[in-house]
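*Asks:* From the sequence below, what's the structure:
(chains A and B)
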There are 2 protein chains.
Amino acid sequence: MRFMPLIILVLVGFSVPAMAQDLVAGKTKAAVCAACHGAEGVSVIPDYPNLAGQKVKYLESSIKAYRDGQRKHAVMSPMAAGLSDADILDLAAYFADLPAKK
Amino acid sequence: MRFMPLIILVLVGFSVPAMAQDLVAGKTKAAVCAACHGAEGVSVIPDYPNLAGQKVKYLESSIKAYRDGQRKHAVMSPMAAGLSDADILDLAAYFADLPAKK
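*Replies:* Alright, predicted model coming up:
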């Protein structure tokens, strides 16, 4: 039984995601997004995408692509420039959690 | 009344979009998209976006960005490479018309 603490530690380690997402923080950070993407993540501008109900991993990789320069957009690139990985995950989780609508 | 035909022509011209979209053709052309984006436009792969109910103009500009090289993706770039503007509009209209779901 001398390995039990190690086993428990490993199991706990596997049950915790690499970075926890925070929906409440995401909502706060998302306030600035509403002007284009709508208060509920359904875009008010035809050129811009709905975010509500989108896949969290896709949202995360998209915002990172703007931040890191793989995607470029006059509005999104500067918007994403100052975001940390944790900010991006919170935002992605918040929008993914909203009900999908047209 | 000698200008009437011209007036009618102008009014008809304004009522017809620059390029007509074809949902039926879009559905046929979208068959190949289902492997990643789902049969009903709801992605089966977390990294890939849902397309159902997305804004038609955003879908159109995204596929064009892949075709024209502003966006790059190992799967999407070759997928989009052979598409005409009409193909892209049909695809965008088809996916935008599907019910938005998570």
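
*Asks:* which intervals of chain A have sub-threshold pLDDT?
*Replies:* A:1-18 (pLDDT under 70).

*Asks:* Any figure for the gap between the residue positioned nearest the centre of it and residue A:82?
*Replies:* When CA atoms, centre = their mean is applied to chain A, the residue found nearest the centroid is residue A:92 (1.8 Å). According to CB to CB, to the nearest Å, residue A:92 and residue A:82 sit 16 Å apart. (C-beta placed from N, C-alpha, C; glycine too.)

*Asks:* I'd assumed residue A:53 was in contact with the residue nearest to the centre of chain A.
*Replies:* No: between residue A:92 and residue A:53 there is no contact under CB atoms under 8 Å: 12.0 Å.

*Asks:* Chain B contacts on chain A?
*Replies:* A:43, A:46-50, A:52-58, A:61-62, A:70-72, A:96, A:99-102 (CB under 8 Å from any CB of the partner chain).

*Asks:* ok, 6 Å please
*Replies:* A:43, A:46-47, A:49-50, A:53-55, A:57-58, A:100-102 (CB under 6 Å from any CB of the partner chain).

*Asks:* tell me the SS of residue A:94?
*Replies:* helix (DSSP: H, G, I helix; E, B strand; the rest coil).

*Asks:* One more: residue A:36?
*Replies:* Under three-state DSSP, residue A:36 comes out as helix.

*Asks:* Who's the closest spatial neighbour of it, skipping the chain neighbours?
*Replies:* Nearest non-adjacent residue to residue A:36, counting by CB to CB, 6 or more residues apart in numbering or on different chains: residue A:48, 4.8 Å away.

*Asks:* What is the burial count for the one you found?
*Replies:* 20 (other CB atoms under 10 Å in any protein chain shown).

*Asks:* List phi and psi for it.
*Replies:* phi -110, psi 150 (degrees, to the nearest 10).

*Asks:* coming back round to it: ok, the residue nearest to the centre of chain A to residue B:31 distance?
*Replies:* For residue A:92, the distance to residue B:31 - CB to CB - is 29 Å.

*Asks:* likewise residue A:82?
*Replies:* Distance from residue A:82 to residue B:31, by CB to CB: 42 Å.

*Asks:* residue boundaries of the strands in chain A?
*Replies:* For chain A, no strands are identified by DSSP state E.

*Asks:* Now do the contacts for the residue nearest to the centre of chain A.
*Replies:* For residue A:92, the contact set (CB atoms under 6 Å, 6 or more residues apart in numbering or on different chains) comprises A:56, A:59-60.

*Asks:* Which one of the residues you listed is nearest to chain B?
*Replies:* Lowest distance from chain B to the contacts of residue A:92 (CB to the nearest CB) belongs to residue A:56, with 7.3 Å.

*Asks:* doesn't residue A:96 make contact with that closest one?
*Replies:* Yes: contact criterion CB atoms under 6 Å: residue A:56 and residue A:96 qualify, at 3.9 Å.

*Asks:* and the two? which has more neighbours close in?
*Replies:* residue A:96 (25 against 17).
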